[in-house]
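Student: Turn this into a structure:
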Amino acid sequence: MFWKIKELIYKFIAYGIFGILASYGVFSIGYSIRHHDGISLVIGLVYVSLAGFLFAYLFIPAAANKIAYGIYTPKNVKPMPPEFPEIKAKITREEYEEAVADLRTLLEKDPGNYHVISLLVDIFVDKTDDHGNAIGLISAYLRKEDRQNEDVPLVMKLVDVYLDIDEKEKAVALLKKEIAMKYAESEIRQFRKRLDGLSVTS
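Tutor: Okay, the predicted model is just below:
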């Protein structure tokens, strides 16, 4: 809760600074036009530029995340849990056991949450080499009755895990199974391309 309050305070301060810079910049430019004051024009442009940089810092990453979220995650995904920044900080500090425990607690409250499962899988695969838990977690998710057939990132992650443990046959079988499902044509092409790549390396 504390980190959330602190984040809101920082955002409030940043938005306030942005408003002051933008307002003063526009005022200075307007003043320079009315009074033909070159110095005020330069000052106004500087303040507007600073406001523009701050605007980019505040708004562009959020917009980019929203766009990426819409493109690369399934439509049945719930919002990201508010505890995620704190959990990701633990991962950055390599406190993997604590992060996994926190994520498992979230999963107990909200079974099947895409964000929780995806982050857990990232830890198991990329940080702790716990392939067994990664396979079990993804496989259980892909058996969900309310799947939207748009879970391509997790499918591909499971293919990678199978290949890492020399279970190529399972990777091929998984891709063939997913191709048979009602995905969009663009996603089916991804699976076929991956399957063709595995066939070439046989």
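Student: and the end-to-end length of stretch 89-100?
Tutor: In stretch 89-100, first residue to last residue: 12 Å (Cα to Cα, to the nearest Å).
Student: Next, the buried residues of it.
Tutor: 90, 91, 99, 100 (16 or more other Cβ atoms under 10 Å). All C-beta atoms are positioned from the backbone trio N, CA, C, and that covers glycine.
Student: Show me the contact partners of it.
Tutor: 87, 88, 102, 119, 120, 123, 127, 128 (Cβ atoms under 8 Å, 6 or more residues apart in numbering).
Student: which regions of this structure sit below the pLDDT cut-off?
Tutor: 1-8, 10-11, 14, 18, 54, 57-78, 146-150, 200-202 (pLDDT under 70).
Student: which stretches of it form helices?
Tutor: Counting by DSSP state H, the chain has these helices, from start to end: 2-35, 38-72, 84-92, 96-109, 114-122, 131-142, 152-164, 168-179, 185-200.
Student: which of those helices sits most buried?
Tutor: helix 114-122 (a mean of 20; mean count of other Cβ atoms under 10 Å).
Student: If I take that helix and helix 152-164, what angle do their directions form?
Tutor: 20 degrees (axes from the mean of the first three to the mean of the last three Cα atoms, to 10 degrees).
Student: what helices or strands is helix 114-122 leaning on?
Tutor: In terms of contacts (3 or more Cβ pairs under 8 Å, 6 or more residues apart in numbering; DSSP states H and E), helix 114-122 is packed against helix 84-92, helix 96-109, helix 131-142, helix 152-164.
Student: now the residue of the chain positioned farthest from its centre: how far from residue 160?
Tutor: Within the chain, residue 35 marks the point farthest from the mean C-alpha position, 49.4 Å out by Cα atoms, centre = their mean. Separation of residue 35 from residue 160 (Cβ to Cβ, to the nearest Å): 65 Å.
Student: And residue 136, by the same measure?
Tutor: Distance from residue 136 to residue 160, by Cβ to Cβ: 15 Å.
Student: Can you give me the domain assignment for this structure?
Tutor: 2-72, 84-200 (automatic domain parsing).
Student: how close does residue 197 sit to residue 171?
Tutor: Residue 197 is 11 Å from residue 171, by Cβ to Cβ.
Student: typed the wrong thing, it's residue 121
Tutor: 16 Å.
Student: same thing with residue 120?
Tutor: Going from residue 120 to residue 171 by Cβ to Cβ gives 20 Å.
Student: Report the contact partners of the nearest residue to residue 48 once chain neighbours are set aside.
Tutor: Once flanking residues are discounted, residue 48 sits nearest to residue 25: 3.6 Å by Cβ to Cβ, 6 or more residues apart in numbering. Going by Cβ under 8 Å, 6+ apart, residue 25 touches 43, 44, 45, 46, 47, 48, 49, 50, 51.
Student: what's the distance between the fourth one and residue 55?
Tutor: When you say that, I think you mean residue 46. Relative to residue 55, residue 46 is positioned 15 Å away (Cβ to Cβ).
Student: Equivalent analysis for the first one, please.
Tutor: Computed as Cβ to Cβ, the residue 43 to residue 55 distance reads 19 Å.
Student: And for the third one?
Tutor: As defined by Cβ to Cβ, residue 45 lies at a distance of 15 Å from residue 55.
Student: That's all I had, so thanks and see you.
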